[in-house]
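S.K.: Provided below for reference: sequence and predicted model.
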Amino acid sequence: MLLELKDVDISYGDNLTVQGASLELEKGEILTIVGESGSGKTTVIRAAMGCLPGAGRVSSGSITFEGRDLLKNTKEDWRKMSGTEMSMIFQDSGNMINPIRKIGVQFIDYIQCHAPEKSKKDAYKMATAMLTNVRLPNPDNIMNSYPFELSGGMRQRVGIAMSMVFQPKILMADEPTSALDVTTQAQIIRQIIDVRNEFGVAVIIVTHNLGVASYMSDKIMVMKGGRVVDYGKREDVLKNPKSDYTKGLLKAVPVIGGVPYYGE
């Protein structure tokens, strides 16, 4: 088992935000977490990454990565793991990049932070090679650009490139397409699938979009009000949902000129 969350409760101060969340992730699997805003989707993946904000904490349950108890990690343990064994793509990578520094400067700093033995020349080569892998044309020009000079889709691809440069075992993606137009959304989803296929990385994606989940997932987890209301293989969740909430989500998926394949 690559990653396992078992009966995880997550609290902010005295407020219980997520209750009894459990999931299992194997190498190369794609798990999609679906639910409305405030349901706890992002909180779950942040807990798995050790980056809960403020007073957030795992108040009970267990999180294991390759058999290791992540709840025993020190800050230094998390620093070493983040970006190398587990990485995250944020909702709008442009907001996570310093707007007044060029992409290349930030990318090289990121690589040297995790691999201080790398020279700037070696880090530059690693960065441009990964930018090429995520289908960004003219990577030298990207490295010499400021974030505001790139489109939303290009910035998101830069985020994917930075998260994958050390070929981590798990890639977390927090609504990676929500700030993009539908054409670019499809390109980014295809890009994430290509990254999984090429590098064998396991992926957890947070999304509101059941269409995205049905297209790319091996497993789906549906959350509502801080609880998991459906979880299992894609076909099981989409064809035989257990909760009324999931059934409602499926009925709300728009269908053009035909009968939906999944759900009632």
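M.R.: Cool, the structure landed. Here the structure is a predicted model, which is why all the values come from computation and not from measurement. Residues are numbered from 1 along each chain as shown.

S.K.: So, low pLDDT: which residues of the protein?
M.R.: Counting by pLDDT under 70, the ranges of the chain that qualify are 92-95, 179, 255-264.

S.K.: which residue is nearest the middle of it?
M.R.: Centroid-nearest residue in the chain: residue 173, 1.5 Å away (criterion: Cα atoms, centre = their mean).

S.K.: Just give the nearest non-adjacent residue to residue 211, would you?
M.R.: The shortest distance from residue 211 to any non-neighbouring residue, by Cβ to Cβ, 6 or more residues apart in numbering, is to residue 253 (6.0 Å). C-betas here are computed from N, CA, C, even on glycine.

S.K.: Equivalent analysis for residue 153, please.
M.R.: residue 184 (3.9 Å).

S.K.: Validate this expectation: residue 71 resides in a helix.
M.R.: Yes. With DSSP: H, G, I helix; E, B strand; the rest coil as the criterion, residue 71 is located in a helix.

S.K.: returning to that earlier point: you'd agree the residue nearest to residue 211 is up against residue 210?
M.R.: Yes. If you go by Cβ atoms under 8 Å, residue 253 and residue 210 touch, sitting 5.3 Å apart.

S.K.: Just want to know which of these two has more residues nearby.
M.R.: Taking other Cβ atoms under 10 Å, residue 253 and residue 210 do not tie; residue 210 has more neighbours (22 against 15).

S.K.: Would you map the strands across this protein?
M.R.: Taking DSSP state E, the strands of the chain run over residues 3-12, 15-25, 30-35, 56-65, 68-69, 86-89, 170-174, 202-207, 219-224, 227-233.

S.K.: From the rest of the structure, what touches the shortest one?
M.R.: Where contact means Cβ atoms under 8 Å, 6 or more residues apart in numbering, the residues beyond strand 68-69 that reach it are 62, 63.

S.K.: For residue 59, which residues are in contact?
M.R.: Contacts for residue 59 (Cβ under 8 Å, 6+ apart) come out as 9, 10, 11, 16.

S.K.: If I follow the layout properly, residue 34 ends up in contact with residue 219?
M.R.: No. If you go by Cβ under 8 Å, residue 34 and residue 219 don't touch, sitting 11.1 Å apart.

S.K.: which one of the two has more residues nearby?
M.R.: Taking other Cβ under 10 Å, residue 34 and residue 219 do not tie; residue 34 has more neighbours (25 against 21).

S.K.: Lovely, talk soon.
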